[in-house]
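Peer 1: Pasting the sequence and the predicted model now:
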Amino acid sequence: MSLKMTSVLAGLAGVVLLQPGAMAQRASQADTSLSDTTSVIDQKQAPESFSKLARRLMPAVVNITTSQTIAPDGMPEFPDGSPLERFNEFFGRDPDGFRREGSLGSGFLISADGTVVTNNHVIQNADEINVVFNSGRTLQATLVGTDPETDVAVLKVESDEPLPHVDFADSDGAEVGDWVMAIGNPFGFGGSVSAGIISARNRDIQSGRYDDFIQTDAAINRGNSGGPLFNLNGEVIGVNTAIISPTGGSVGLGFSIPSNLVSQVASQIVEYGHPRRGWFGVNVQGIDQGIADAYGVKEPKGVIITAIDGEGPAADSDFEVGDLVLSFDGKVVEDVRGLSRIVADTDIGKTVDVDVVRDRKRRTVDFTVGELESESAVEEREPIPENALAQNPIGAELKSIDDDARRRYGIARDVDGVLVNSVAANGPSFGKLRKGDVITEIGFRKIAGVEDAHAALDPQTAPGGKDMLIRIWRNGQTMFFTIKPER
């Protein structure tokens, strides 16, 4: 049976970053907070009942309804006076052919003055957004801002009296096995409560570059999107956003955005109207054990810089293509996704230490974090395998780069090396090198022509039986592979 991922788009969570003067404002709102931040509650000890917790928190959780006008799209529209005219109403169309669509979701208040967190997908493209409280009270909401990257949206409702709200927990302190409770609006059944435990942390479900989900077995269904996942103190530990299910209903695989990530994004939306993320200005690729050995490091952790944006912040620092990045601002870089999250979470304008390996030697580079405005700052490039036939210690036919090759493959004049003309289907380079690649380095040795390449691959000078680090140019990008030459 195939699995279907159903997005239950969710909102924000975390420790809210306060604007200047906001501390006093929050202090005056303390009497309407429903979270208990004073008691020490064992998150691993199941309560006798969740009834008191649910009753206390329900007023801060809201249902969200939206409506959107959809332009004519070719669906049947029967003319006035036609016997089938009455079916226009069935298709939900007005006399001009327009129709209205709506969506349902969940959300929660994070301040007494009416700030609401939900998911971007719940309110995306909506013409009208309404927030429905547990009491039945309905208020029209205005959109403060959204972040499609993390599926977070912030709304604002106006009220003459302070509104009940909840606080964010520190999601970094949550552990697998901790008890949690979800409140939301599944399938339009508002005020629904479910309970379970944290099943896993740091889940990547391939929904975006900042995936770092909390997995829970508390029942999450369509309509729970944007709703809170509470700990036993009544603090928001996550925002329910997605499920994996063969049926579209809950099977105990629900995913929530960690509160610390949501908190950071939400506070920036409130302050700036949009999220602000750190920017490195490089392209990178992950490494395997072979590349780790070639760089002289023990574990396959870190990423290799394959390109540096000439207009990005990294261009102003002492980075080079081929640097293996091991840590950023004191945080270990595990892989491409890990670096992406670390850089995005670093304060813009902060000067940090970046530990790299270059020519098998460790060094530290000072770097000032920029602000990401482009769509992607870090991109992982996947090699494209290609069948070919060749004779060579690495299973690749190598040729000099002539003018015809430069025109055919778009090789810039300042790119020196040797051209890969073919790759043997059963050779060591299969699935790594491809026709049109330019090999620029072999084993950290610069390659200017065919003679240099053959010398680097000579069994008399090359390390026998070991993987060799190959640096190539491909379609304007630099990539690295480890290949064990055949002897």
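Peer 2: The structure has been received and is ready for your questions.

Peer 1: can you map out the helices along the stretch 301-450 of the chain?
Peer 2: Per DSSP state H, counting those that start in this stretch, the stretch 301-450 of the chain carries helices over the ranges 336-345, 403-409, 450-457.

Peer 1: Mean neighbour count for the ones you listed - can I get that in TSV?
Peer 2: The way it works is simple: take the backbone N, C-alpha and C, and place the C-beta from them, glycine included. Formatted as TSV, those follow (neighbours: other Cβ atoms under 10 Å):
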stretch	mean neighbour count
helix 336-345	21
helix 403-409	12
helix 450-457	18
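
Peer 1: Output those helices in a markdown table, with mean pLDDT and distance to Asn421 appended to each entry.
Peer 2: Below are these laid out as a markdown table (pLDDT from 0 to 100; distance: least, Cβ to Cβ, whole Å):
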| stretch | mean pLDDT | distance to Asn421 |
| --- | --- | --- |
| helix 336-345 | 88 | 31 |
| helix 403-409 | 79 | 9 |
| helix 450-457 | 85 | 11 |
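
Peer 1: any chance of these in JSON lines, plus distance to Ile64?
Peer 2: As requested, the helices of the stretch 301-450 of the chain are exported to JSON lines (distance: least, Cβ to Cβ, whole Å):
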{"stretch": "helix 336-345", "distance to Ile64": "27"}
{"stretch": "helix 403-409", "distance to Ile64": "52"}
{"stretch": "helix 450-457", "distance to Ile64": "62"}
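
Peer 1: Please parse this protein into its domains.
Peer 2: As assigned by automatic domain parsing, the chain contains the domains 1-275, 278-371, 396-483.

Peer 1: next one: the first one to chain centre, how far?
Peer 2: Domain 1-275 sits 18 Å away from the centroid of its parent chain (Cα atoms, centre = their mean, to the nearest Å).

Peer 1: okay, and for this structure, where does confidence drop off?
Peer 2: For the chain, the stretches flagged by pLDDT under 70 are 1-31, 37-40, 69-101, 206-208, 374-392, 459-465, 487.

Peer 1: Which residue lies nearest the spatial centre of it?
Peer 2: Compute the mean C-alpha point of the chain, and by Cα atoms, centre = their mean the closest residue is Tyr210, 1.9 Å away.

Peer 1: right, and it touches Thr150 too?
Peer 2: Yes - assessed by Cβ atoms under 8 Å, Tyr210 is found in contact with Thr150 at 5.6 Å.

Peer 1: Contacts for stretch 356-372, please.
Peer 2: Contact partners of stretch 356-372, identified using Cβ atoms under 8 Å, 6 or more residues apart in numbering, comprise 276-281, 295-297, 302, 305, 312-314, 316-320, 322-326, 343-344, 346-355, 444.

Peer 1: rerun that using 6 Å as the cut-off
Peer 2: 276-279, 295-296, 313, 317-319, 323-325, 346, 348, 350-355, 444 (Cβ atoms under 6 Å, 6 or more residues apart in numbering).

Peer 1: circling back to that earlier point, nearest to Lys432, out of the helices of the stretch 301-450 of the chain?
Peer 2: Closest approach to Lys432 among the helices of the stretch 301-450 of the chain is made by helix 450-457 (14.9 Å; Cβ to Cβ).

Peer 1: Keeping just the C-alphas, turn the closest one into PDB.
Peer 2: Provided in PDB are the C-alpha atoms of helix 450-457 (Å, rounded to 0.1, in the frame of the first residue of the first chain):
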ATOM      1  CA  VAL A 450      46.000  15.700 -20.100                       C
ATOM      2  CA  GLU A 451      49.600  15.300 -19.000                       C
ATOM      3  CA  ASP A 452      48.900  16.600 -15.600                       C
ATOM      4  CA  ALA A 453      45.900  14.200 -15.300                       C
ATOM      5  CA  HIS A 454      47.900  11.200 -16.400                       C
ATOM      6  CA  ALA A 455      50.700  12.100 -13.900                       C
ATOM      7  CA  ALA A 456      48.200  12.400 -11.100                       C
ATOM      8  CA  LEU A 457      46.800   9.000 -12.000                       C
END
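
Peer 1: I'd like to know which elements whatever helix or strand comes next after it is packed against.
Peer 2: Towards the C-terminus, the helix or strand next in line after helix 450-457, according to DSSP states H and E, is strand 468-474. Helices and strands in packing contact with strand 468-474 are listed as strand 438-442, strand 477-483; criterion 3 or more Cβ pairs under 6 Å, 6 or more residues apart in numbering; DSSP states H and E.

Peer 1: send the alpha carbons of the longest one over as PDB?
Peer 2: As requested, the backbone C-alpha atoms of strand 477-483 are provided in PDB (Å, rounded to 0.1, in the frame of the first residue of the first chain):
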ATOM      1  CA  GLN A 477      29.200  24.500 -10.900                       C
ATOM      2  CA  THR A 478      32.000  22.900  -9.000                       C
ATOM      3  CA  MET A 479      31.500  19.400  -7.600                       C
ATOM      4  CA  PHE A 480      33.700  16.800  -5.800                       C
ATOM      5  CA  PHE A 481      33.800  13.000  -6.000                       C
ATOM      6  CA  THR A 482      36.000  10.300  -4.600                       C
ATOM      7  CA  ILE A 483      37.100   7.600  -7.200                       C
END
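
Peer 1: I'd like the numbering to begin with 432 instead of 1 from here.
Peer 2: Sure thing, new numbering starts at 432, so read that last one as strand 908-914.

Peer 1: Note down every partner strand of that strand and its orientation.
Peer 2: The strands that strand 908-914 pairs with in its sheet are strand 899-905 (antiparallel) (by DSSP bridges).

Peer 1: Excluding chain neighbours, what is closest to Val715?
Peer 2: Nearest residue to Val715, sequence neighbours excluded (Cβ to Cβ, 6 or more residues apart in numbering): Val734, at 4.0 Å.

Peer 1: what's around the one you found, how many residues?
Peer 2: 26 (other Cβ atoms under 10 Å).

Peer 1: just Arg789 next, same as before
Peer 2: Applying other Cβ under 10 Å, we find 17 other residues in the vicinity of Arg789.

Peer 1: Which residues are in contact with the residue nearest to the centre of the chain?
Peer 2: So Tyr641 contacts 580-581, 772 (Cβ under 6 Å, 6+ apart).

Peer 1: Can you give me the end-to-end span of stretch 715-729?
Peer 2: Terminal residues of stretch 715-729 lie 20 Å apart, using Cα to Cα, to the nearest Å.

Peer 1: circling back to that earlier point, can you put the contacts of Tyr641 in JSON lines and add distance to Lys863?
Peer 2: JSON lines is the format used below for these (distance: Cβ to Cβ, whole Å):
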{"residue": "Glu580", "distance to Lys863": "31"}
{"residue": "Thr581", "distance to Lys863": "34"}
{"residue": "Arg772", "distance to Lys863": "28"}
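
Peer 1: Among those residues, which one sits closest to Ser542?
Peer 2: Among these, and counting by Cβ to Cβ, the member closest to Ser542 is Thr581, at 19.7 Å.
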